[in-house]
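> Model the structure of this input:
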Amino acid sequence: MERTLIILKPDAMQRGIAGEIITRFERVGLKIVGTKMLEPGYDHYFHHYETIGKMISRRGKQAFDVTLELMQAGPVMALVLEGVEAVSQVRKMVGTTEPKSADPGTIRGDYAHVSFAHADKQGAGIANLIHASGDPEEAAQEIAHWFSADELYSYTASAEKFTQPTKKK
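Residues are numbered from 1 along each chain as shown. Here you go, the predicted model:
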């Protein structure tokens, strides 16, 4: 089983669609093994987006600054999801970073529409609802940053009988 981190960003929380988004992950059989609502400060986000994500080197200081400003606009909900190839499954469900380019049926494609050009013109971060770990290594680092070991749980969900291969007798 693989674990991944998602963060429901301030825009998702302020719009009141957190439950709808979480439901989508549960419906495909991903299991919530950790969750909390919090309002992290600059240092926490700096570690997440730059120390782990290398955002400044990938996208530049301006993109980093507007992202941190957007992330500090209100509380977020952090979740750890577990399932078969959870990282790639979640990334597929979330859609591309730019909501305007996200396919219909993805979270960003269904709940957001802003383009990079519009956000840049406004000098603002792009309201794209959700963060999802990029790969399993990044997921492990992010989970360790957002959650302590005693905040993560192991249990058997009823959906697991449908997502786990059946052993031959």
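> all helices of this protein, in order?
For the chain, the helices defined by DSSP state H occupy 10-15, 18-27, 42-46, 55-59, 61-71, 86-94, 107-111, 116-122, 136-146, 160-163.
> Could you export these as TSV, including mean pLDDT, mean neighbour count and distance to V80?
C-beta: built from backbone N, CA, C; applies to glycine. Rendered in TSV, the data for the helices of the chain read as follows (pLDDT from 0 to 100; neighbours: other CB atoms under 10 Å; distance: least, CB to CB, whole Å):
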stretch	mean pLDDT	mean neighbour count	distance to V80
helix 10-15	97	19	17
helix 18-27	97	15	11
helix 42-46	96	14	16
helix 55-59	88	14	21
helix 61-71	89	17	18
helix 86-94	98	20	9
helix 107-111	96	21	17
helix 116-122	84	13	28
helix 136-146	98	18	6
helix 160-163	78	12	16
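> Enumerate residues external to stretch 79-91 that contact any of its residues.
1-8, 22, 25, 28-35, 132-136, 139, 143, 146-147, 152, 163-164 (CB atoms under 8 Å, 6 or more residues apart in numbering).
> and the end-to-end length of it?
14 Å (CA to CA, to the nearest Å).
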